[in-house]
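> Sequence first, predicted coordinates after that:
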Amino acid sequence: MNNVKAIVIEDTKVLVPNMAHKNFSETEEVIPKGTTIIGHAQTLQGLRRGQPFNYRLFYIDNNKIIHLNKIKIMNNTETTFGADSQVSPTVVKVPLQSRLAKASSIGAISGVVIGYGYCKYKKQDNKKAMTYALIGGVIGFVVGKVIENTRKTKVSPSK
């Protein structure tokens, strides 16, 4: 079984097997919240209130048992951006969300103004001008959304 590193997410009591009742009992020993532990997860069949039950447990290396839902498994991931798999200085450009959210609004407003202005330039009546303004607003909104979705996070090596 592979040992994994985990962190305790809340104060939890250590469990001991109760062979007579085919379940687990809590002890007075408490593992405090935030403690880093190493061990492995396991599921065991047992009884709970006389009914079959699957116990999801985490076995700590120092022969202690706790419930699996009281921990969070820590995934260690090392990321290297260099061509030779070495750590290299990197620049990450993240677009500002406030500017991105404005692109669709600006596109919609611009579309309405352009559609209305085009109809007034052609000397159309107000009903037709409002129709063109509405169509221009929808087109402007769609163009704004496309602009928002094309701006992505860019990762590049620093010079």
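Sure thing, it's come through.
> Surely P52 and N23 touch.
No. P52 is beyond contact range of N23, at 11.1 Å (criterion: CB atoms under 8 Å). Using the backbone N, CA and C atoms, a C-beta is placed for each residue, glycine as well.
> Could you check how many residues crowd around H40?
As a burial measure, H40 scores 14 neighbours (other CB atoms under 10 Å).
> do F53 as well
Residues near F53, counting by other CB under 10 Å: 13.
> Make 540 the starting number, not 1.
That works, and once the first residue is 540, the last one we named lands at F592.
> P591 and N562: who's more crowded?
When neighbours are counted by other CB under 10 Å, P591 and N562 differ, and N562 comes out ahead with 17 against 9.
> what's across from the residue nearest to that one when sequence neighbours are not counted in the sheet?
Distances taken as CB to CB, 6 or more residues apart in numbering place G585 nearest to N562, at 5.1 Å, with adjacent residues excluded. Beta-bridge pairing for G585 (DSSP bridges): F592.
> Report the contact partners of G585.
Neighbouring residues of G585 by CB atoms under 8 Å, 6 or more residues apart in numbering: 561-563, 591-594.
> The helix or strand harbouring I604: which residues count as buried?
For I604, the host element (DSSP states H and E) is strand 603-606. Neighbour-count burial for strand 603-606, counted by 16 or more other CB atoms under 10 Å, picks out 603-605.
> quick one: average confidence on stretch 684-695?
Mean per-residue pLDDT for stretch 684-695: 70.
> Thanks a lot, catch you later.
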